[in-house]
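Trainee: below are the sequence and a predicted model; questions follow.
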Amino acid sequence: MSKQRILVTGSEGSLMQYVIPVLQEEGYHIIGVDNFARYGEIERERNYDFIRGDLTDKNFVDEIMQNIDGVVQAAALIYGVGGFNKYPADILSKDIVLHQNILWAMLKNDVKRIAYISSSMVYERSEHHPCKEEDAFEAIIPSTDYGLSKLTGERLCIAFSKQFGLDYTIWRPFNIITPHEEGEGEQGISHVFADFVKNLIIDKKNPLPIIGDGEQIRCFTWIEDVANVIGKYSFNEISKNETYNIGNPEPISMKELAKLIYQGTDELKFITTKSFSDDVKIRIPDISKAEKELNFSPTKKVEESVKICVQSVLGK
């Protein structure tokens, strides 16, 4: 019996680079697709099929969807809070267009199942902490266009399920920690962890430039914990037509995170260089559903995850 063929969009991003080996261990044949929009061409050894292309091109999506059995839809323009405010039109328009192109092409080619990589940003304006899965559709719509694009992406999956019977699993990761994201020159374009590593470890800045007051609360999750559950359960009957928070419910402020990363001997000081009105003040996941149904639990505390990443940078 031939292996099921899974199309992984956004395959060259750090999360999918961890998800793909898990999918392969589960017995799937992987076809990756990416347009290298964020960081430019990435040269690497690949043990999966790869296609370079733009998913906003409907004809291209129709072509690559032939002979596919399932889709992991991770393609999106992803930034930190600064990037959300700098590129809102790109994010909202392109992410929705490419996602609907995928869904329509799935119907055209009789592909039955999609795993959609959403985001904890759907909870931007939720008043509940920790956030349960159902809170996203009861809260005021997200302020950022990225959060809105993810919420719309989820609703598209659900709408295609209702009207056409397409099956889905929606994953909502919370603040992934990875040693593979690099901070960029402009503050806030990358995620906060990558920004802090660049400024503290590589550029050795003190005081540390921060966004807002540094008291924002987040929960950081080791990338392999997120990847393992996505890879193992995206096409499992247990998760069919379900939505799951995936995270480490261990709250930490941005200043506390910075102190874990800091390697200097002097007292770490902070200087606010930017502020955004839509910067979320607190975001904590309720992971009880994933714990109960998928036996999910984070394997690493935030301090251990930070230590691994810092050692990786120091070892270069």
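Mentor: That came in fine, so what should we check first?

Trainee: starting at the chain centroid, how far to the helix or strand where residue 106 lies?
Mentor: According to DSSP states H and E, residue 106 maps onto helix 95-108. The chain centre lies 19 Å from the centre of helix 95-108; the measure is Cα atoms, centre = their mean, to the nearest Å.

Trainee: pLDDT of that helix, averaged?
Mentor: For helix 95-108, the mean pLDDT works out to 98.

Trainee: and that helix, what does it pack against?
Mentor: helix 58-64, strand 70-73, strand 113-117, helix 145-164 (3 or more Cβ pairs under 8 Å, 6 or more residues apart in numbering; DSSP states H and E). C-betas here are computed from N, CA, C, even on glycine.

Trainee: ok, which of these comes nearest residue 94?
Mentor: Minimum separation from residue 94 across the helices and strands packed on helix 95-108 (Cβ to Cβ) falls at helix 145-164, 8.7 Å.

Trainee: enumerate the positions of the closest one that are buried.
Mentor: Of the residues in helix 145-164, 145-154, 156-158, 160-161 count as buried by neighbour count, 16 or more other Cβ atoms under 10 Å.

Trainee: related to what we said a few turns ago, kindly present the helices and strands packed on helix 95-108 as a markdown table, with separate columns for mean pLDDT.
Mentor: What follows is those, written out as a markdown table (pLDDT from 0 to 100):
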| stretch | mean pLDDT |
| --- | --- |
| helix 58-64 | 98 |
| strand 70-73 | 98 |
| strand 113-117 | 98 |
| helix 145-164 | 97 |
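
Trainee: what would the ones you listed look like in JSON lines with distance to residue 200?
Mentor: Shown next, in JSON lines, are the helices and strands packed on helix 95-108 (distance: least, Cβ to Cβ, whole Å):
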{"stretch": "helix 58-64", "distance to residue 200": "41"}
{"stretch": "strand 70-73", "distance to residue 200": "33"}
{"stretch": "strand 113-117", "distance to residue 200": "29"}
{"stretch": "helix 145-164", "distance to residue 200": "25"}
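
Trainee: residue 82 is nearest to which of these?
Mentor: It is, among these and with distance given as Cβ to Cβ, helix 145-164, at 11.5 Å.

Trainee: which one among the buried residues of helix 145-164 gets closest to residue 6?
Mentor: Residue 6 has its nearest neighbour among the buried residues of helix 145-164 in residue 157, at 16.4 Å by Cβ to Cβ.

Trainee: hmm, the closest one is touching residue 114, no?
Mentor: Yes - Residue 157 lies in contact with residue 114 (Cβ atoms under 8 Å); the separation is 6.3 Å.

Trainee: residues that sit against both of those two, list them.
Mentor: Overlap of the contact sets of residue 157 and residue 114 (by Cβ atoms under 8 Å, 6 or more residues apart in numbering) consists of 103, 166, 168.
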